[in-house]
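A.B. asks: Predicted model and sequence below, questions to follow.
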Amino acid sequence: MHRLQNKISIEVNENVYLKRPDTSDLGQKIVKGSIDLIDQIGFEDFNFKKLAKAIGSTEASVYRYFENKHHLLVYLVLWYWGWQEYRLVVSTINIDDPVERLKRSIRVLTEKIEEDTNFSQINEVKLNRIVISESSKIYLNKKVDIENEKGFFLQYKDIVQRVSDIIFEINPNFKYPHMLVSTVIEGAHHQRFFADHLPRLTDLVEGEDSITIFYQQTVFKAISDA
């Protein structure tokens with residue numbers, strides 16, 4: 001999931017890119033610039049010509065790293081899930097009680113995102129907004145089965161499996177852990193979007209993180225009632 005050298009590095013499936021972007025200054029500029037631009041104009045209006053202009057490079061240079069803008073979006077989303085798995089590990093390490101580990105895991109997956117100084121090349125707040133608004137595009141398409149066979153979505157699956165394993169520790173008889181965890185992740189994204197743009201579709205309670213509290217209560221009720 002990650003390795004420790006001079007800095008923490010998030011691994012993304014090599015089938016997603018043509019040249020690993022975090023190994024060069026230009027690759028890092030492509031990633032940073034794409035996050036800034038997609039956050040600003042949206043994925044539909046984003047293209048490599050606009051990205052190249054924004055970072056002072058050429059379209060040909062961008063194409064040396066990514067086959068198309070879909071693969072670039074996949075890379076960004078998978079990097080995000082790799083980062084979230086790193087956060088899950090940090091949050092739950094040395095915690096023996098599975099109940100406490102599950103509470104912390106739900107908080108990591110549902111809380112409002114802040115920038116992580118361990119990854120100065122990535123703005124996680126902007127990337128989170130992209131994940132919320134654009135991430136479904138990486139699998140809601142006709143090529144999903146082919147890309148799944150290539151391992152495109154392993155980071156997302158790993159997160160769901162990691163939290164599902166904790167649920168199994170608490171209640172080995174619960175039949176739907178993967179469904180529950182993926183519902184929490186996707187639902188929390190919707191609620192964060194509603195909170196920012198359509199607040200009458202959610203419940204904002206002053207002085208608390210109502211989204212995290214709601215999903216913690218939902219998960220523990222579901223697994224205790226099973």
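C.D. replies: Received it, and whenever you're ready, just let me know what you need.
A.B. asks: Scan this protein for its longest helix.
C.D. replies: In the chain, taking DSSP state H as the definition, the longest helix is helix 69-92.
A.B. asks: Could I get the buried residue list for it?
C.D. replies: By neighbour count on 16 or more other C-beta atoms under 10 Å, the buried set for helix 69-92 is 69-88, 92. For the C-beta atoms, the positions are set from N, CA and C on the backbone; glycine is no exception.
A.B. asks: CA atoms of it as PDB?
C.D. replies: Coordinates of each C-alpha in helix 69-92 appear next as PDB, following Å, rounded to 0.1, in the frame of the first residue of the first chain:
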ATOM      1  CA  LYS A  69      -7.900  11.800 -19.300                       C
ATOM      2  CA  HIS A  70     -10.000   8.900 -18.000                       C
ATOM      3  CA  HIS A  71      -6.800   7.100 -16.900                       C
ATOM      4  CA  LEU A  72      -5.600  10.300 -15.300                       C
ATOM      5  CA  LEU A  73      -8.800  10.500 -13.300                       C
ATOM      6  CA  VAL A  74      -8.400   6.900 -12.300                       C
ATOM      7  CA  TYR A  75      -4.900   7.600 -11.100                       C
ATOM      8  CA  LEU A  76      -6.100  10.600  -9.000                       C
ATOM      9  CA  VAL A  77      -8.900   8.600  -7.400                       C
ATOM     10  CA  LEU A  78      -6.800   5.500  -6.700                       C
ATOM     11  CA  TRP A  79      -4.100   7.700  -5.200                       C
ATOM     12  CA  TYR A  80      -6.800   9.100  -2.900                       C
ATOM     13  CA  TRP A  81      -7.900   5.600  -1.800                       C
ATOM     14  CA  GLY A  82      -4.300   4.600  -1.200                       C
ATOM     15  CA  TRP A  83      -3.900   7.700   1.000                       C
ATOM     16  CA  GLN A  84      -7.100   6.900   2.800                       C
ATOM     17  CA  GLU A  85      -5.800   3.400   3.500                       C
ATOM     18  CA  TYR A  86      -2.600   4.900   4.900                       C
ATOM     19  CA  ARG A  87      -4.700   7.100   7.100                       C
ATOM     20  CA  LEU A  88      -6.700   4.000   8.300                       C
ATOM     21  CA  VAL A  89      -3.500   2.200   9.200                       C
ATOM     22  CA  VAL A  90      -2.200   5.200  11.100                       C
ATOM     23  CA  SER A  91      -5.500   5.800  12.900                       C
ATOM     24  CA  THR A  92      -5.900   2.200  14.100                       C
END
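A.B. asks: Could you point out the helix or strand that follows that helix?
C.D. replies: Following helix 69-92 in sequence order, the next helix or strand is helix 98-110 (DSSP states H and E).
A.B. asks: show me where the chain has strands.
C.D. replies: In the chain, the strands defined using DSSP state E lie at 2-4, 8-10.
A.B. asks: Which of the ones you listed has the lowest mean pLDDT?
C.D. replies: Mean pLDDT is lowest for strand 2-4 among the strands of the chain, at a mean of 39.
A.B. asks: hang on, residue 32 packs against residue 122?
C.D. replies: Yes. With contact defined as C-beta atoms under 8 Å, residue 32 counts as touching residue 122 (7.1 Å).
A.B. asks: These two: which has the busier surroundings?
C.D. replies: A side-by-side neighbour count of residue 32 and residue 122, using other C-beta atoms under 10 Å, places residue 122 first with 21 against 18.
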